[in-house]
Every structure is written in structure tokens, then in C-alpha cells.
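Colleague: this one's sequence-less:
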């Protein structure tokens, strides 16, 4: 076989291997252990308990935008029990590791109008992307 005939199939094989993204998404929650390691292209889902009916909301202080790309806005999910006023639910954010490096994903849980009051909860996670 000639060299060009060998290079074409080999090139396609290498390109397809590079194009594949990691298929195992990482899920973080309030009890997750940080720091967390991701591969470029890997998905990250962050889920935190939330109860907007109390006036408290999660606010992203640092989205680690140097290494993570947001895949959309926060999504709040209420409990399945209809008619339960004041029940807490969960807020979810989705990210994708975009660049190798290190960053802090930092969120605070507080009432938006009381920014001078210390947050009642903080989520701070070091994220490393290879």
C-alpha cells in the first residue's frame, strides 16, 4: 500500500477520535466534594435546594467563565405535590467545560434586595478542566 493510501484512513480515524466528547456528565449538588475535575467538552450539572417563595434566590457570584460555558439560565423545579405552598424545590444550572484551566464556581443564597446582609448559604467549588 502506498503512503497516501495509508494516510487517508489514518487521518479519518484520528479526526473522529478528536471529535468525540466525553459522554459522562458530572453532577454537583450541595453535598458534592470539591474540587472537581472535568475534561474539555464534558457537561456539568449543578443542582442546589431552593425556595424562591421565601424571597431567597441563588445568585452566581463567579461563574468560572474562564473555563465553563453556560448552557442556559437557571431552571427551578418545584415539588410534585400540587398545592403545597412554601415547599422548597431545586435550582439547576448546566455548564460545559470549554477551556483547560482552573476556576471557582461560586453561588450565594440570599434575598436579592439584601445584598449587604451575609448570605445564608454559599456554594464554592474549585473546578479544574484538563
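Modeller: Noted; the coordinates are in hand. Bear in mind the structure is a predicted one, so any value in this text is a computation, not a measurement.
Colleague: alpha carbons only for contacts and neighbour counts from here, please
Modeller: Fine.
Colleague: got the buried residues for stretch 69-81?
Modeller: Using 16 or more other C-alpha atoms under 10 Å as the burial criterion, the residues of stretch 69-81 that qualify are 69, 70, 74, 76, 78.
Colleague: wouldn't the fourth one be in contact with residue 58 here?
Modeller: Okay, so that is residue 76. No. With contact defined as C-alpha atoms under 8 Å, residue 76 does not reach residue 58; the gap is 10.5 Å.
Colleague: intersection of neighbour lists for the two?
Modeller: Common contacts of residue 76 and residue 58, defined by C-alpha atoms under 8 Å, 6 or more residues apart in numbering, comprise 50, 91.
Colleague: those strands in the protein, which residues are they?
Modeller: For the chain, the strands defined by DSSP state E occupy 26-29, 36-38, 43-50, 57-63, 68-70, 75-77, 89-97, 101-110, 121-129.
Colleague: weakest of those strands by average pLDDT?
Modeller: If the strands of the chain are sorted by mean pLDDT, strand 26-29 sits at the bottom with a mean of 89.
Colleague: tell me how far it is from the chain's mean position?
Modeller: On the basis of C-alpha atoms, centre = their mean, to the nearest Å, strand 26-29 sits 7 Å off its chain's mean C-alpha point.
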